[in-house]
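S.K.: my questions are about this predicted structure, shown below with the sequence.
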Amino acid sequence: MRALPLVQAPTYNRLVDTPRHYTRHPSQFTDRRPTRADLERYRDAGFGRDDLMGAAAFGMATRLMIFGINPGLWSAAVNAPFAYPGNRFWPSLFQAGITEYLIDASAGMSDEDEHYLATRGVTLTNLVNRATAKASELSRGELHLGAAKALTLARLHSPHTVVIVGITAFRDAFGMTKATLGEQDLDAVSTALRAVSFPADALPNETIIPVDPEIVTNESSRDWPTRVRLWVVPQPSGLNAHETVSSLAEKWREVHESSYSLDDSRNSWEHIPQLWRYGH
């Protein structure tokens, strides 16, 4: 597989000297709520290539790499994931024990909260960068590229566990129409990815989407890494009436406990040298 451009990132003690004032994701709305007109200006906007938040952004080991589907207009406006007021993502992570306090991202992600997520080994990103009012506005081709992005980042950062948030988007992106919630069979994932058909014009611009082009052009290069677990959890937005904060937290607790398990060949995510990230 063609080598991706890499640079060595600085390493930090997880609990002591994480750098301060590292405002990667400033919000334009710290002093007021975005209006409807504000939100419309962010329609179809993208976070760009550099959309990782948390551990991987600092070159630190990632225990959980969480993929949202794509940013909603509110999230795009405040430049923070799952930021719409009332979204149950952050409350469910808190209730599951993944975070020790409730993060409020509705006005943007503070430096302190992003640094805290990094010390917990959590990285957040999206399958698709383009902001829409609803995930259903995304094309099948965009979602397929999202699966290629997830595969690229799983190989590059070697997290213990990748989590896709949203079963319908996962089925469409990975070509697994019968997939169910929970941990995925990696052989089945690899088989499905090899069968994904990318349009002729789907080759991504690497300066915008971090995807290894060989994944798009060569179906034999689409095997999911066997040392990276893959889970799917439900969409936490209010549109999903089947779930509550408690039911979401129960599913996240399974993921959380699994990511600390010592029954695989790696024993622990802590020892993995995580010194590399994408160049700019």
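M.R.: Thanks, I have the structure now.

S.K.: for the helix or strand that contains residue 66, which helices and strands make contact with it?
M.R.: Following DSSP states H and E, one finds residue 66 within strand 64-68. Strand 64-68 sits against strand 122-126, helix 140-157, strand 161-165, helix 245-259, with contacts defined as 3 or more C-beta pairs under 8 Å, 6 or more residues apart in numbering; DSSP states H and E. C-beta here means a position set from N, CA and C on the backbone, and glycine is covered the same way.

S.K.: okay, angle between the third one and strand 64-68 too, please.
M.R.: It stands for strand 161-165. 20 degrees (axes from the mean of the first three to the mean of the last three C-alpha atoms, to 10 degrees).

S.K.: so which residues make contact with strand 161-165?
M.R.: Strand 161-165 is contacted by residues 63-69, 89, 127, 150, 153-154, 170, 173, 228-236, 255, 258-259 when judged by C-beta atoms under 8 Å, 6 or more residues apart in numbering.

S.K.: now do it, average pLDDT.
M.R.: In this model, strand 161-165 has an average pLDDT of 98.

S.K.: do the second one as well
M.R.: The average pLDDT within helix 140-157 is 94.

S.K.: how close does residue 108 get to residue 192?
M.R.: Between residue 108 and residue 192 the computed distance is 36 Å (C-beta to C-beta, to the nearest Å).

S.K.: might one say that residue 120 is in contact with residue 61?
M.R.: No: if you go by C-beta atoms under 8 Å, residue 120 and residue 61 don't touch, sitting 10.9 Å apart.

S.K.: so which of the two has more stuff around it?
M.R.: residue 61 (23 against 17; other C-beta atoms under 10 Å).

S.K.: go ahead and confirm that one touches residue 121.
M.R.: Yes: if you go by C-beta under 8 Å, residue 61 and residue 121 touch, sitting 6.0 Å apart.

S.K.: just the helices from the stretch 51-200 of the chain, written as ranges.
M.R.: 73-78, 89-96, 111-119, 140-157, 167-174, 186-195 (DSSP state H, counting those that start in this stretch).

S.K.: looking at the ones you listed, which is nearest to residue 29?
M.R.: helix 73-78 (5.3 Å; C-beta to C-beta).

S.K.: got the contact list for the closest one?
M.R.: Under C-beta under 8 Å, 6+ apart, the answer for helix 73-78 is 27-29, 34, 38-43, 45, 47, 81-85, 105-108, 131-133.

S.K.: can you rerun that using 7 Å?
M.R.: Contacts with helix 73-78, where a contact means C-beta atoms under 7 Å, 6 or more residues apart in numbering, come from 27, 29, 34, 38-39, 42-43, 45, 81-84, 107-108, 131, 133.

S.K.: among those, show me the least confident.
M.R.: residue 45 (74).

S.K.: remind me which helix or strand that one belongs to.
M.R.: Going by DSSP H and E, residue 45 is not in any helix or strand.

S.K.: counting neighbours, what do you get for it?
M.R.: So residue 45, with other C-beta under 10 Å, has 15 neighbours.

S.K.: that one touches residue 132, doesn't it?
M.R.: No: the pair residue 45 and residue 132 does not pass the contact test of C-beta atoms under 7 Å, sitting 9.8 Å apart.

S.K.: can you pull up the most central residue in the protein?
M.R.: residue 67 (2.4 Å; C-alpha atoms, centre = their mean).

S.K.: tell me who's in contact with that one.
M.R.: Contacts for residue 67 (C-beta under 7 Å, 6+ apart) come out as 125, 126, 127, 150, 162, 163, 164, 165.

S.K.: and the gap between it and residue 185?
M.R.: Computed as C-beta to C-beta, the residue 67 to residue 185 distance reads 18 Å.

S.K.: give me the sheet partners of the strand holding residue 66 and which way each runs.
M.R.: Here strand 64-68 is paired, per DSSP bridges, with strand 122-126 (parallel), strand 161-165 (parallel).
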